[in-house]
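Chemist: I'll drop the sequence and a predicted model, then ask my questions.
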Amino acid sequence: MSVYVGNLSYEVTEEALNAVFAEYGSVKRVQLPIDRETGRLRGFGFVEMSTDAEESAAIEALDGAEWMGRDLKVNKAKPRENRSSFGGGNRRNNSFRDRY
């Protein structure tokens with residue numbers, strides 16, 4: 001499982017985020033999603049650590065902590081939802097079908 005890290009500065013780097021979480025254990029991977037349209041960081045990321053105990057320690061220590069001028073939001077990452085490519089998640093767009 002991964003840790004979600006929200007309210008990140010747009011100036012953060014994977015190396016800097018890795019260093020912060022490494023204080024609580026072994027970091028396996030850091031991901032900082034980039035917005036496809038702007039090419040900028042999206043303001044959140046994911047950190048995968050070696051054990052659940054390390055993840056829990058990092059969450060407890062860093063949730064609400066100020067870093068790079070922002071109060072971090074840190075918690076267990078939720079599984080990614082399947083998203084439809086046609087208009088938003090679980091909603092169904094029947095307007096076309098209903099007309100013909």
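Modeler: Yep, that arrived.

Chemist: C-alpha from now on. contacts and neighbour counts both.
Modeler: Fine.

Chemist: which elements pack onto the lengthiest helix in the chain?
Modeler: Assignment by DSSP state H gives helix 52-62 as the longest helix of the chain. Counting contacts by 3 or more Cα pairs under 8 Å, 6 or more residues apart in numbering; DSSP states H and E, helix 52-62 is packed against strand 73-76.

Chemist: residues in contact with the strand it packs on?
Modeler: Contact with strand 73-76 is made by Met1, Ser2, Val3, Tyr4, Val5, Gly6, Asn7, Ile59, Leu62, Asp63, Gly64, as judged by Cα atoms under 8 Å, 6 or more residues apart in numbering.

Chemist: which residues in this structure form strands?
Modeler: All strands of the chain, identified by DSSP state E, fall at 3-6, 27-31, 44-49, 66-67, 70-71, 73-76.

Chemist: okay, those, which one's buried deepest?
Modeler: The highest mean neighbour count among the strands of the chain, using mean count of other Cα atoms under 10 Å, belongs to strand 44-49: a mean of 22.

Chemist: which strand residues bridge the residue nearest the centre of the chain?
Modeler: Central residue of the chain (Cα atoms, centre = their mean): Gly45, 3.4 Å from the mean position. Beta-bridge partners recorded for Gly45 (DSSP bridges): Val5.
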